[in-house]
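Asks: fold the following.
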Amino acid sequence: SQRGSGHQRIRESFTEAFTGALGPVRWTVLRHIAGADWNAVDGWLDGTQSGKPYRVRFTSWFKRIGGRIVHQIDYVD
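Replies: A predicted model of the protein is given here:
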């Protein structure tokens, strides 16, 4: 679990996660559902770890206020 706030911390978290041990990765979005406050995205995450390819399913939830993401939850299988 990673916590942080602000654009820089969010960028750092994604850079650490997806260009380090798990990177580089490719996202394939299968579904995108938009509601009044929340969006959900579902799909596949493909990459290489320790020279071995992997493919996992992911789902991300984004809460928006005023067009900005204020809360994000990621699930990776």
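
Asks: can you give me the helices in this protein?
Replies: 6-19 (DSSP state H).

Asks: the longest strand in it is where?
Replies: strand 52-65 (DSSP state E).

Asks: quick one: neighbours of the closest residue to residue 26 other than its chain neighbours, just the number.
Replies: Computed as C-beta to C-beta, 6 or more residues apart in numbering, the closest residue to residue 26 that is not its neighbour in sequence is residue 46, at 4.7 Å. Backbone N, C-alpha and C define where each C-beta goes, glycine included. Neighbour count of residue 46, defined by other C-beta atoms under 10 Å: 14.

Asks: I'd guessed residue 46 sits against residue 58; true?
Replies: No - counting by C-beta atoms under 8 Å, residue 58 is not a contact partner of residue 46; they are 10.5 Å apart.

Asks: what bits of this protein have low per-residue confidence?
Replies: 1-7, 10, 13-15, 17-23 (pLDDT under 70).

Asks: separation between the residue lying farthest from the centre of it and residue 26?
Replies: Within the chain, the residue lying farthest from the chain centre (C-alpha atoms, centre = their mean) is residue 51, at 21.9 Å. Look at residue 51 and residue 26: by C-beta to C-beta, to the nearest Å, they are 17 Å apart.

Asks: residue 61 contacts residue 42, doesn't it?
Replies: No - judged on C-beta under 8 Å, residue 61 makes no contact with residue 42 at a distance of 10.0 Å.
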